[in-house]
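**Q** sharing a model prediction with you, sequence too.
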Amino acid sequence: MRTTPNVSVDVVLLTLHQGKLQVALHRRARAPFQDCLALPGGYVHVDKDGSIEATAYRVLKQKTGLQPRYLEQLRTFAGPQRDPRGWSVAISHVALMPYEELRQAGDEVFHFHDVDGLPDLAFDHAEQIREAVRRVRNKASYSTLPCWLLPELFTLTQLQRTYEQIFGETVSRGTFRSRLGIKVAEAHPGESADQADILLATDQFQGGSQRPARLFRVNQLSLFKRACW
């Protein structure tokens, strides 16, 4: 009988696809819960991992070949009931990645599902996903967190669509800019588009059938000055 618990990490990989916030799942190859959908995860290797964050990055790299630009520790899920093999500890993380980057892992690596319509999952992974979605939606209401779901360069319209898809709410252009404190005037290269100096204008544009849209980048995860969603 095992006297110490297994310690592992699980990663809730969130992305935007088909206009909705979705989670990337994989199908387990072995028991327990063989063939069930689950979060990517793995055990801590005490001889290799310098931290829990390092474990999460290693597990993702080994299983998907990917490294997310944003990774945050969520919380610990533990107890004797979450794993049929016995007492276990899972340190859950949430990661954000653009859908195009996740697709680089290969067609058979991930199965994408809406976070508000989850299938049956292994272990307590549905609970972990719900916790991650609450965290992301809360932080997204006042910070640049949703920017990590976008490419490195993006338009303000793409940013607006990202927020709308996270919250499931469509708003006008004026309302969106007011909520995030984005300036009305046109931003020039090197200038910020918002009152907190977070969204920086570049000298690049995205073409289209109408007027080309300026591309922006975000310098770091931060707080908008007047954000209110």
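**A** Right, received. Where do you want to start? Numbers count the residues shown, from 1 in each chain.
**Q** any idea of the mean pLDDT in stretch 15-27?
**A** Here stretch 15-27 scores 95 as its mean pLDDT.
**Q** enumerate the positions of that stretch that are buried.
**A** Applying a neighbour-count criterion of 16 or more other Cβ atoms under 10 Å, the buried positions in stretch 15-27 are Thr15, Leu16, His17, Lys20, Leu21, Gln22, Val23, Ala24, Leu25, His26. For every residue, glycine as well, the C-beta is placed using N, CA and C.
**Q** what residues does that stretch touch?
**A** Contact with stretch 15-27 is made by 12-14, 35-40, 63, 96-99, 102, 109-116, 118, 121, 125, 129, 132-133, 136, 149, 162, 165-166, 168, as judged by Cβ atoms under 8 Å, 6 or more residues apart in numbering.
**Q** mind checking which of those are buried?
**A** Among the contacts of stretch 15-27, those classed as buried by neighbour count (16+ other Cβ under 10 Å) are 12-14, 36-37, 39-40, 96-98, 102, 109-110, 112-113, 115, 118, 121, 125, 129, 132-133, 136, 149, 162, 165-166.
**Q** in which helix or strand does Asp10 reside?
**A** Using DSSP states H and E, Asp10 maps to strand 6-17.
**Q** quick one: strands adjacent to that strand?
**A** Sheet pairing of strand 6-17 (DSSP bridges) gives strand 20-27 (antiparallel), strand 41-43 (antiparallel), strand 88-96 (parallel).
**Q** contacts for the very next helix or strand once past the longest one?
**A** When you say that, I think you mean strand 88-96. Later in the chain than strand 88-96, the nearest helix or strand by DSSP H and E is helix 99-103. For helix 99-103, contacts defined as Cβ under 8 Å, 6+ apart pick out Leu13, Thr15, Leu16, His17, Gln22, Ala24, Thr64, Leu66, Phe110, Phe112, Pro151.
**Q** before we move on, what about stretch 30-40?
**A** Around stretch 30-40, the neighbours that count as contacts under Cβ under 8 Å, 6+ apart are 10-13, 23-28, 59-60, 63-64, 83-85, 111, 113, 119-123, 125, 128-129.
**Q** ok, which stretches of this protein are helices?
**A** Along the chain, counting by DSSP state H, helices occupy 52-64, 99-103, 125-140, 156-167, 173-180.
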